[in-house]
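Colleague: With the sequence up front, the predicted model follows.
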Amino acid sequence: MGWKLKKRTDVEPMLPLKHCLCFDNRMGTFIGCIIITITAFVELVTVFLDWLTYDENLKFEIHGAFRSFWKRLFWKGFAICDGIMTLAHIIIIVMAVYVLVAILRPRVYKIYDLLPALKGFYILLSIYILVELGISCYVYSWYGLAGWRLPFLVWKNLFYIIRFLCNVGFCLVIYSYACEIDTELGSSSGDKAAFGNGDDPINIDAQQQQQQQQQFLMHGGNPYSAIGSYAASDVYAQA
């Protein structure tokens, strides 16, 4: 006896999301842009402090981290990672601020202008998450379990985990908001295609009737005028 699989129609797909917790996708995107901007800026500051440790003349040390002299022995790999993350943090901050301003000023940035920005934002955010994940794995391969023994490194590891989860969650919210706008624009264009220029058919009928009445009044209501020529011919035919 074989199993009979029935297709369920009551199951909805997980994506796109209908809402973000107790907020709609627009508010979730707005909050996500703020959180992404703040967290990326804090991480950018830590990368800038890491840049200062490469200069031996400054003798700069981060309190609560390992001494920087051993990092200078392998400075090329760490410098490449810091350079990539510096550029990535700046790009994601600029993009998040741009989307934030576009949401706050709907009169300047229309909904069809916001859609390309959202699509570009969640694509860049996806790449940003993957790049930061790879670089974090490389850095963690040098520290190992020792990265959980000093307070600054513990805070940085926990901060990265929190940022990773937040970035992935808000990336899904931004994607869902872009799908929501795309669906809305598609339905509005479909309505315009159904009714020509997007006019109400009731208003079109009223305008046609009004034009016919004006033409009838211009001829003085004479049924034997140019408009009533067909009616006049019928009268003569009956006679």
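Modeller: Great, that's in hand. All values derive from a computational prediction rather than experimental measurement.
Colleague: Helix or strand: which one has Leu58?
Modeller: Under DSSP states H and E, no helix or strand contains Leu58.
Colleague: ditto for the one 4 residues further on
Modeller: Using DSSP H and E, Ile62 maps to neither a helix nor a strand.
Colleague: That one contacts Thr53, doesn't it?
Modeller: Yes - Ile62 is within contact range of Thr53, at 6.6 Å (criterion: Cβ atoms under 8 Å). C-beta: built from backbone N, CA, C; applies to glycine.
Colleague: Show me which of those two is the more surrounded one.
Modeller: Set Ile62 next to Thr53 and count neighbours by other Cβ atoms under 10 Å: Thr53 wins out with 22 against 17.
Colleague: pLDDT wise, what is that one at?
Modeller: According to the per-residue confidence, Thr53 scores 84 in pLDDT.
Colleague: Assign a three-state SS to the spatially closest residue to it that is not a sequence neighbour, would you?
Modeller: Taking Cβ to Cβ, 6 or more residues apart in numbering, and ignoring the residues beside it in sequence, Thr53 has Ser68 as its nearest neighbour in space, at 3.7 Å. Recorded secondary structure, Ser68: coil (DSSP: H, G, I helix; E, B strand; the rest coil).
Colleague: which residues touch Ser68?
Modeller: For Ser68, the residues meeting the contact criterion (Cβ atoms under 8 Å, 6 or more residues apart in numbering) are Thr53, Tyr54, Phe60, Glu61, Ile62.
Colleague: What's the separation between Val63 and Val154?
Modeller: No, residue 63 isn't Val; it's His. From His63 over to Val154 the distance is 13 Å, taken as Cβ to Cβ, to the nearest Å.
Colleague: just to revisit the earlier point, and which of the contacts of Ser68 is nearest to Gly147?
Modeller: Distance ranking of these against Gly147, using Cβ to Cβ, places Ile62 first at 13.3 Å.
Colleague: Now do the same contact list for the closest one.
Modeller: Applying Cβ under 8 Å, 6+ apart, one finds that Ile62 lies in contact with Leu49, Asp50, Thr53, Ser68, Phe152.
Colleague: isn't there a strand covering Gly64?
Modeller: No - applying three-state DSSP, one finds Gly64 to be coil, outside a strand.
Colleague: Show me the domain layout of this structure.
Modeller: Listed domain ranges for the chain are 25-194, 201-238 (source: automatic domain parsing).
Colleague: Please name the spatially closest residue to Tyr109 (chain neighbours excluded).
Modeller: Once its chain neighbours are removed from consideration, Tyr109 has its nearest residue in Ala102; the separation is 3.9 Å (Cβ to Cβ, 6+ apart).
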